[in-house]
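# one predicted model, sequence on top.
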Amino acid sequence: MIALDLFCCQGGATRGYQQAGYRVVGIDIEDQPRYIGDEFWQADALAWVDQHMDWIRAEVSFIHASPPCQRYSRAQKIQQREHPDLIPPTRDLLNATGVPWVIENVEEARPELRDPVLLCGASFGMTTYRHRLFETGGWTLTAPDHPPHTAPLTKMGRPRRPGDFAHYVGNFSGVDEARADMQMPWASRDGLRECIPPAYARYVAEQHLAGHGPAPAAIPAACGA
């Protein structure tokens, strides 16, 4: 089975899809030397999909897309920086493929997403909450149990105290701890603060496979040429 990870960064989501049995092709506009997937193409993700539409329709089983979240983040709004809204064009392009898909983004992007499902690190045994929203296309995602947030959240930039939950954003403290917590030993600080933990993507993939079953495929040698 082949999955595409659009806007893949260092491959947090990719690893989750691999764990679920997919061969994953990552696309990102920036070079990603730490990318953990099976194949990587440095390209504008939406342009790449548009250019390879026939191959995607024939060979790809699932598409994950994480458009940059800067437009929706609180920090960017405070700083009044302008960023493009990539969720609508991403949705339109994914619908055009006819392949089942999911779009992921931060909680602040909820007004742009359609009936999103929230995933939380506490649902997967992590010591970070890291809420993320997932909109699906062509299938339905069911949310897991969401434990109450009883543990205090460490203040930004400070080490996590015993019993607290970590806040892996900005120039956070405890890179090795974050790698272990989110099971991403290959990732840098930049990759960790931007990532989707693999457990989230594995849950999404297994939910989809449970309802639709696998669709075997193979990546042709000319893919991306």
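Arrived safely, thanks for sending.

# ok, then the element right after the helix or strand of the chain with the lowest mean pLDDT?
Least confident element among the helices and strands of the chain, by mean pLDDT, DSSP states H and E: helix 74-79 (a mean of 51). Counting by DSSP states H and E, the next helix or strand C-terminal to helix 74-79 is helix 87-97.

# what's that next one in contact with?
Counting contacts by Cβ atoms under 8 Å, 6 or more residues apart in numbering, the residues outside helix 87-97 that touch it are 6, 46, 49-50, 53, 56-57, 60, 63, 65, 67, 101, 103, 105, 109, 112-114, 135, 137. Quick note: C-beta positions are derived from backbone N, CA and C, even for glycine.

# and the nearest residue to Phe40 once chain neighbours are set aside, what does it touch?
Closest residue in space to Phe40, ignoring its immediate chain neighbours: Gly26 at 4.7 Å, by Cβ to Cβ, 6 or more residues apart in numbering. Gly26 makes contact with 4-5, 8, 11, 14, 32, 35, 37, 39-41 under the criterion Cβ under 8 Å, 6+ apart.

# tell me what Gly26 is bridged to.
Asp5, Phe40 (DSSP bridges).

# ok, back up a step: just the ones in strands from the contacts of helix 87-97, please.
Those of the contacts of helix 87-97 mapping onto strands are 6, 63, 65, 101, 103, 105, 135, 137, per DSSP state E.

# surely the last one touches Leu113?
No. Counting by Cβ atoms under 8 Å, no contact exists between Gly137 and Leu113, whose distance comes to 11.2 Å.

# which neighbours do those two have in common?
Ile103.

# so what's the gap between whichever helix in the chain runs longest and the chain middle?
Secondary structure assigned by DSSP state H gives helix 198-212 as the longest helix of the chain. A distance of 12 Å separates the centroid of the chain from that of helix 198-212, by Cα atoms, centre = their mean, to the nearest Å.

# which parts of that helix are buried?
Neighbour counts over helix 198-212 (16 or more other Cβ atoms under 10 Å) mark 198-205, 207-209 as buried.

# same question, stretch 44-61
Of all the residues in stretch 44-61, those buried under the rule 16+ other Cβ under 10 Å are 45-46, 48-49, 52, 55-56, 59-61.

# again, but for stretch 27-37
Buried, per 16+ other Cβ under 10 Å, within stretch 27-37: 27-28, 32, 35-37.

# ditto for stretch 183-203
Buried-residue list, stretch 183-203, by 16+ other Cβ under 10 Å: 183-184, 187, 189, 191-203.

# which residue sits farthest out from the middle of this protein?
Distance to the chain centre peaks in the chain at Pro162, reaching 28.1 Å (criterion: Cα atoms, centre = their mean).

# does that residue lie in a helix or a strand, and which?
Going by DSSP H and E, Pro162 is not in any helix or strand.

# look up phi and psi at it.
phi -50, psi 130 (degrees, to the nearest 10).

# pLDDT at it, what is it?
pLDDT recorded at Pro162 is 88.

# with Phe134 instead?
Reported pLDDT for Phe134: 98.

# same thing with Pro214?
49.

# likewise for Phe172?
So, for Phe172, pLDDT stands at 87.

# for Ala180, see how far away the residue nearest to Gly12 when sequence neighbours are not counted is.
Nearest in space to Gly12, with sequence neighbours left out and distances taken as Cβ to Cβ, 6+ apart, is Cys195 at 3.2 Å. Using Cβ to Cβ, to the nearest Å, Cys195 is found at 14 Å from Ala180.
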